[in-house]
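Peer 1: my questions are about this predicted structure, shown below with the sequence.
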Amino acid sequence: MKKIYSLLLLVVSCASFGQTVYSENFGTIAPSASPYPLVTVYTGFQNTTPITYTGTSSVRSSGTLSTGYNGASGGSHLFISVTTGVGQVFQIDGIDTSAYTSANLQLSFGYLKSSAASVALVVEKSTDGTNWSPITFTDNTNGSWNLVTVAGGQIPSSTTLSLRLTNPSTATTNAPQLRVDDIKVSNVNASCTLVLGVATTLCDASTSGLDTYTTTIPYTGGGSGSYTITPSSGTVGGDNPGTVAAGNIVISGVTESTNLTVNVVSGICSYQATANSPECKSINTLPYSESFPYAVGASLGSQQKWTNVNSGDDIVGAAGSLTYPGFTSVDNSVTFTGSGIDCFTPFTTTTSGAIYASFIINISDVTNAPTGETYFAGLTDPAKGYKARLFSKVASGQYQLGLDTANTTTNYDATLRNPGDIVFVVMGYDFTANTLNAWINPDLATLTSATTPTLTITPTAPITDLGGFILRQDGNTSTPTIIFDELRVADSIGGLLAVAQNSINGLKVYPNPVSNGILFIETAANATKTVTVYDVLGKQVLNTTTADNAINVSALRGGVYVVKITEEGKTATRKLVIK
């Protein structure tokens, strides 16, 4: 049996280093910031006086964020391009390395080139800010973020160390773009031989609640000495680097959404491993109902039914529901505008028959996209590739809705709509007939798959599978302000509407507020029911299946919650107050 010992961690990547002398990860700025700030005016650096930053480069959080290497911060980064045929520069002054010997000083930084064939970044050092000499390193040639490590002996011991990074290109068109992040100068003793590899993570389960995950950190350079490994969460096992030369440190039972950091110390040698929590989210079964019972301002992508596809500002919870004749709305809604994160929700992959999705929208403000045209919602596959897209096109203060499989379309509804109009949309794809349809503001009492659609299209290439729905934020001048509510997905229109109208007969939830720890739920059928309680952030805090009418909620703290009741295929939600 392998010995169990303790450790701490953070998730998706790991970092190995000695004593940190200087580090800079460029902070975090809004992804939509434009123009991006020059380094001479940027105020989000980690370091202040006596460290100073100069040059012609800028700080950005667009494009590919740093990832995939040890210690990748993934926030803003340094963007070094070319302006009018002159390569941009970034200079750091005021680093004090005088307490360390040059042989033990190590420079590292994350590095990305726009293409493998483009020019290489030039890195130089100086102790007087005037006379510069080059620092040699292995160039980035794979077109991905890499961690560059400059061995000891190239960084001088000085009270006035300066570093300069330059794009040497003189291109006036298609200039190469160089990106740098996580610059670090460390004191690494030659006797510190342990090297931590990149962490990998694996969900222990994927359910609608918070699950746990296991992280594996490979290492080399062990086999002797005594190591103290300090964890923030979870149970640590695997190989002991004090006795095993090369192996894996394993941390199990870490709660999903908890990021970890691992500090490993042996005498004067210190190392750190980091890893980001994976998303252990289940596939939503059909028919699928999403009424957005999330707190105002809560990130949609952090909820258990959804995941963030990219980076930027969040799609967030909005107060209240959108209502439409013949449809019962509950809970809250979500809102988004401009550029930012896209949110994806998976459902059971469908490859035959038909799939339908319905939702209510309110394009409430078009002033930020006065002539914008974009797709903002759609059916997709498990790989999150758009298969069916709903468009908006703004002109003269009004808008039209369109439907297509491509990223542009002329297939628009002729109706001009005003900001604030409530619109009910049904999207459907028939795998057999290879037809994509949209019904806009239909009469729900008479709607069937035979009802003439508002918009229809025959995809050039038949869609082979659909397994998700996605909300998209395109750009600040193309995506208007949208309120989105009551998403339903089913394999028939009848099933789709049944999801919306599936109120539980005779439902009673009392007392409300609850003051004695017992909640009673009664229905006309009084059959076995599943009861799930969510807090105001949308996190599941209780889940039980029972035939008893009495539910023990004494473990919940005082506050406001949402309780979801499912009985005989029907679902209802209620607000719950615990005193």
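Peer 2: That came in fine, so what should we check first? Residues are numbered from 1 along each chain as shown.

Peer 1: from G75, how far off is T20?
Peer 2: 18 Å (Cβ to Cβ, to the nearest Å). (C-beta placed from N, C-alpha, C; glycine too.)

Peer 1: more crowded one of those two?
Peer 2: Higher neighbour count among T20 and G75: G75, with 18 against 12, using other Cβ atoms under 10 Å.

Peer 1: for the residue nearest to L178 when sequence neighbours are not counted, give me phi and psi.
Peer 2: Leaving aside its sequence neighbours, L178 sits nearest to I80 (Cβ to Cβ, 6 or more residues apart in numbering; 4.4 Å). Main-chain dihedrals, I80, degrees, to the nearest 10: phi -120, psi 100.

Peer 1: now do the same contact list for I80.
Peer 2: 57, 87-90, 121, 165-167, 177-180 (Cβ atoms under 8 Å, 6 or more residues apart in numbering).

Peer 1: swap in 7 Å and give it another go.
Peer 2: Counting by Cβ atoms under 7 Å, 6 or more residues apart in numbering, I80 makes contact with S57, Q88, F90, L165, N167, L178, V180.

Peer 1: quick one: the last one is in a strand?
Peer 2: So that's V180. Yes: the assignment for V180 by DSSP: H, G, I helix; E, B strand; the rest coil puts it in a strand.

Peer 1: and it, what are its bridge partners?
Peer 2: L78, Y111 (DSSP bridges).

Peer 1: isn't it up against L165?
Peer 2: Yes: counting by Cβ atoms under 7 Å, L165 is a contact partner of V180 at 6.1 Å.

Peer 1: can you tell me the closest non-neighbouring residue to A199?
Peer 2: A275 (3.9 Å).

Peer 1: and that neighbour, what pLDDT?
Peer 2: A275 carries a pLDDT value of 86.

Peer 1: what about it, how many neighbours?
Peer 2: 25.

Peer 1: tell me the contacts of the residue nearest to the spatial centre of the chain?
Peer 2: The chain has N308 as the residue nearest its centroid, 3.7 Å off, counting by Cα atoms, centre = their mean. Shown in contact with N308 (Cβ under 7 Å, 6+ apart): G301, I341, C343.

Peer 1: who touches the second one in this structure?
Peer 2: I341 sits next to G301, N308, V309, N310, S311, G312, D313, D314, I315, Q473 when contact means Cβ under 7 Å, 6+ apart.

Peer 1: just V21 next, same as before
Peer 2: T97, Y100, V185, S186, N187.

Peer 1: what of N543?
Peer 2: G209, T532.

Peer 1: secondary structure element for it, which one?
Peer 2: Using DSSP states H and E, N543 maps to strand 540-546.

Peer 1: can you pull the buried residues of that strand?
Peer 2: By 16 or more other Cβ atoms under 10 Å, the buried positions in strand 540-546 come out as Q540, V541, L542.

Peer 1: show me what contacts S191?
Peer 2: Counting by Cβ under 7 Å, 6+ apart, S191 has contacts C269.

Peer 1: in a strand, that's where it is, yeah?
Peer 2: No: read with three-state DSSP, S191 is coil and lies in no strand.

Peer 1: local confidence estimate at it?
Peer 2: So, for S191, pLDDT stands at 77.

Peer 1: among the contacts of V21, name the ones in strands.
Peer 2: Of those, the ones assigned to strands by DSSP state E are V185, S186, N187.

Peer 1: in contact with the first one, which residues?
Peer 2: Spelled out, that is V185. By Cβ under 7 Å, 6+ apart, the contact set of V185 is V21, Y22, I95, T97, L105, L107, I155.

Peer 1: show the buried residues in those.
Peer 2: V21, Y22, I95, T97, L105, L107, I155.

Peer 1: where's the residue lying closest to the fifth one once chain neighbours are set aside relative to S73, distance?
Peer 2: I take that to be L105. Spatial nearest neighbour of L105, chain neighbours left out: I155 (3.9 Å); criterion: Cβ to Cβ, 6+ apart. According to Cβ to Cβ, I155 and S73 sit 21 Å apart.

Peer 1: ok, L447 next?
Peer 2: In terms of Cβ to Cβ, L447 sits 50 Å off from S73.
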